[in-house]
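Visitor: model this:
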Amino acid sequence: MFLRSLLRRGAAGSAASGIRAPAARLDPPASLASLLLASRSYAKAKGGGKPAASTSNRGKIRVKDPKGVASEDASASGESSASTGGADELDAEFEMPTDPLPPTYDPALDVGPGGRPLFAFTDTFASFSHRGANAYVDFSKDEWDATLPEGLPAGMMKEFQDTRRCAVMVRESFLDLRDNFRRIVDPAITAKRKETKRQIILDGPRSCGKSIALAMLVHWARTEGWLVFYVPHGRDWTHGGFFYRNTYSDLFDTPVQAGKVLQDFLKYNEARLQQLPCQIFEPIPLGEGTGVGMMKGADTVEMPEGSTLYDLIQTGITHSHAAVGVVVRLRKELSLVKDVPVLFAIDQYNSWFTFTEFQEPVTVRSCRSIHAKELTMANAYRPMLHNDMMVGAFSHSTAVGKLRQELPDVPSDARLMFPRYTADEAETVCHYYMRQKIIRRESFSEEKWKKIYYLSNGNGSEMRWLAAFI
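Guide: Take a look at the predicted model:
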C-alpha cells in the first residue's frame, strides 16, 4: 500500500504540472528501488518465487487487506512474485514432508513415550486390553478396504494421507466402547462389569475421533464374526439422487440410495447372508424405479419360501422398483437374526434429524423442504427404541448444526460424549508424527509437543496441522 501511494502521488504530480508521462517507465530512485528489492525478497522468502506446480503437497495461507483490492504490477522486472503477492495480499506457503520414510518397522525408531513400543503387532482389535492402550495398529490400505468396503471416514483418509501410513491409535475411549458391546454378547463378562447400553450416540467436539472410533468398532465386530450394517456416510441418504412420494406410505422413496446401500451391505457379508433364511414373507410394496416411474401390472413382490437374505438383497439390486422396500424389509429381518450378533453402525447420524436437500412443490412459486423423517429409509433406520445393538456417530463437519439434547425415538441416556486427546494420547501422537517425519527428530522436545497439545486443545486434525510447523 505504501508503494502504491508513492506511485499514485508521483503520477498525480506529473498530471498537475502538465507534463505527459513518457512511454517507457523511468528508473525509480534509490530509496524506491531498495523498497522494491525488499518486497521481492520478502515475497520470495514466503514462497512466492516458486512456481505453483513445484510440489503437489503444499498448504497455503492467504491474508488479504480489508479493502480486497486486486494487486497491480509493482515493477517491470519479469518477476511475478511481487505482482502476485503484492501489497494487498500475502501468500505464506509450507510443504508437507516428502522425504523417504524409514523402514516400515525399526525397533530403534518405533519408540513411544517412556520407551514403550509405538506399534502393536496384531491383526485385530480384540486382543487389546486397557493396559495396552495408546499404541498404534498398522493395517494396510487393502486390509482396511477389505474389512470396510463401504468406505472409510474422511478424517481417517486424511490422517492416512498426511502420515503416509494406514495406522490408527487404540484409545481408552475406543476400548470402553468395544467392551460395552462385547459384554452384551458375552454373559460371563457382563456379570463382572458395569451395566451396558445397547444404543449409543457418539457425540463430542469436532475432530475428536468419533468417526474413526466407529470404523474401528466395525472392524473389530466383523473380525469377531458379527453381522454389521455399516453406513459410513449417513448424509448421502438425505442428499442427491431422485426422490418420489410413495402413495402407500405417504413417505418419500430414494431408490438411488437404496440400491447403493444394498450393494455395499453385500460386499462384505455375502457369504453370511447366504446362510440366513428370510423370516418375513409378506409382500414387499413396489415404488417408482430410478427414472422409470411405476411398474405396470404389479404393486408388490413376494419372496418365495426358502429364500435367504442374500436372495432378498439381490431382488432389490436387480429391480430398482423394489430397492426401497427391500431396504426397509432388511431392517426388520436383521432384528430377527439370532444366530449371529447384529450391529447397526451409522456415521453422520445427526443428518437424519434435520432437513434434506429435497424440496416438494407447494404452489407454482414455492416449495417446502423435506425433513429426513419423511424419507422412507431414514424413517426405518433412525429409531433407537428397540432391543437391537446400534451405535450412531454425530458428524459436526456436515453443517447440520446443534441438535437438542432429547431426540425423537432415541433413549434419553444414549448420548455419549467422546473426548478429545488426553495428554498421554497427545504425546503418543506426536511421537508417531516424528516417526513418520511430519516432525523433525532434531526439533522434537517435550516442551514443543505440549505446546501443540495446548494450542489445539486435543483436537486431532489441528494437532496434525500444527506438527508441521515445529
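
Visitor: residues in contact with the residue most central in space within the chain?
Guide: With distances taken as Cα atoms, centre = their mean, Ala154 lies nearest the centre of the chain, 2.8 Å away. Residues counted as contacts of Ala154 (Cβ atoms under 8 Å, 6 or more residues apart in numbering) are Ser211, Ser397. From N, CA and C alone the C-beta is placed, and that goes for glycine too.

Visitor: tell me the pLDDT at Leu109?
Guide: Listed pLDDT for Leu109 reads 85.

Visitor: my read: it touches Lys437, true?
Guide: No: counting by Cβ atoms under 8 Å, Leu109 stays clear of Lys437, with 10.2 Å between them.

Visitor: Gly225 should be in a strand, yeah?
Guide: No: going by DSSP: H, G, I helix; E, B strand; the rest coil, the assignment for Gly225 is coil, not a strand.

Visitor: Dihedrals phi and psi, the residue lying closest to it once chain neighbours are set aside?
Guide: Residue nearest to Gly225 in three dimensions, not counting chain neighbours: Val340, with 6.6 Å by Cβ to Cβ, 6 or more residues apart in numbering. Main-chain torsions, Val340, degrees, to the nearest 10: phi -140, psi 140.

Visitor: Val231 too?
Guide: Here is the backbone geometry of Val231 (degrees, to the nearest 10): phi -120, psi 100.

Visitor: Enumerate every residue touching it.
Guide: Residues in contact with Val231 (Cβ under 8 Å, 6+ apart) are Glu150, Trp237, Val261, Ala345, Ile346, Asp347, Gln348, Tyr381.

Visitor: Then Gln199?
Guide: Met384, His386, Asp388, Met389, Met390, Val391, Val410, Pro411, Ala414.

Visitor: export the helix or strand harbouring the fifth one as CSV, just CAs?
Guide: Which is Met390. In this assignment (DSSP states H and E), Met390 forms part of strand 389-393. Output in CSV follows, covering the C-alpha atoms of strand 389-393 (Å, rounded to 0.1, in the frame of the first residue of the first chain):
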residue,chain,number,x,y,z
MET,A,389,-27.4,-53.1,19.2
MET,A,390,-27.0,-49.8,17.4
VAL,A,391,-24.4,-47.0,17.5
GLY,A,392,-24.6,-43.7,15.7
ALA,A,393,-21.9,-41.0,15.4
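
Visitor: mind listing what Leu152 touches?
Guide: Counting by Cβ under 8 Å, 6+ apart, the residues that Leu152 touches are Trp144, Asp145, Ala215, Pro232.

Visitor: what helix or strand is it on?
Guide: Going by DSSP H and E, Leu152 is not part of any helix or strand.

Visitor: quick one, helices of the stretch 251-400 of the chain?
Guide: Secondary structure of the stretch 251-400 of the chain (DSSP state H, counting those that start in this stretch): helices located at 255-273, 309-318, 323-335, 376-381.

Visitor: Which one of those helices lies nearest to Arg245?
Guide: Closest approach to Arg245 among the helices of the stretch 251-400 of the chain (Cβ to Cβ): helix 376-381, 9.9 Å.

Visitor: and the closest one, what does it pack onto?
Guide: In terms of contacts (3 or more Cβ pairs under 8 Å, 6 or more residues apart in numbering; DSSP states H and E), helix 376-381 is packed against helix 255-273, helix 323-335.

Visitor: 10 Å - rerun?
Guide: Counting contacts by 3 or more Cβ pairs under 10 Å, 6 or more residues apart in numbering; DSSP states H and E, helix 376-381 is packed against strand 227-231, strand 252-253, helix 255-273, helix 323-335, strand 342-347.

Visitor: Reformat these as CSV; add mean pLDDT and distance to Arg131.
Guide: Output for the helices and strands packed on helix 376-381, formatted as CSV (pLDDT from 0 to 100; distance: least, Cβ to Cβ, whole Å):
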stretch, mean pLDDT, distance to Arg131
strand 227-231, 97, 27
strand 252-253, 94, 50
helix 255-273, 95, 31
helix 323-335, 96, 35
strand 342-347, 97, 26
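
Visitor: okay, those, which one's buried deepest?
Guide: Burial of the helices and strands packed on helix 376-381 is given as mean neighbour count (mean count of other Cβ atoms under 10 Å); strand 252-253 ranks first at a mean of 26.

Visitor: and the end-to-end length of stretch 451-465?
Guide: 13 Å (Cα to Cα, to the nearest Å).

Visitor: Counting neighbours, which bits of that stretch end up buried?
Guide: Ile452, Tyr453, Ser456, Gly458, Asn459, Gly460, Ser461, Glu462, Met463, Arg464, Trp465 (16 or more other Cβ atoms under 10 Å).

Visitor: Now it: average pLDDT?
Guide: 93.

Visitor: Is it possible to get JSON lines of the helices of the stretch 251-400 of the chain that adds distance to Leu175?
Guide: Listed next are these as JSON lines, based on distance: least, Cβ to Cβ, whole Å:
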{"stretch": "helix 255-273", "distance to Leu175": "23"}
{"stretch": "helix 309-318", "distance to Leu175": "31"}
{"stretch": "helix 323-335", "distance to Leu175": "26"}
{"stretch": "helix 376-381", "distance to Leu175": "27"}
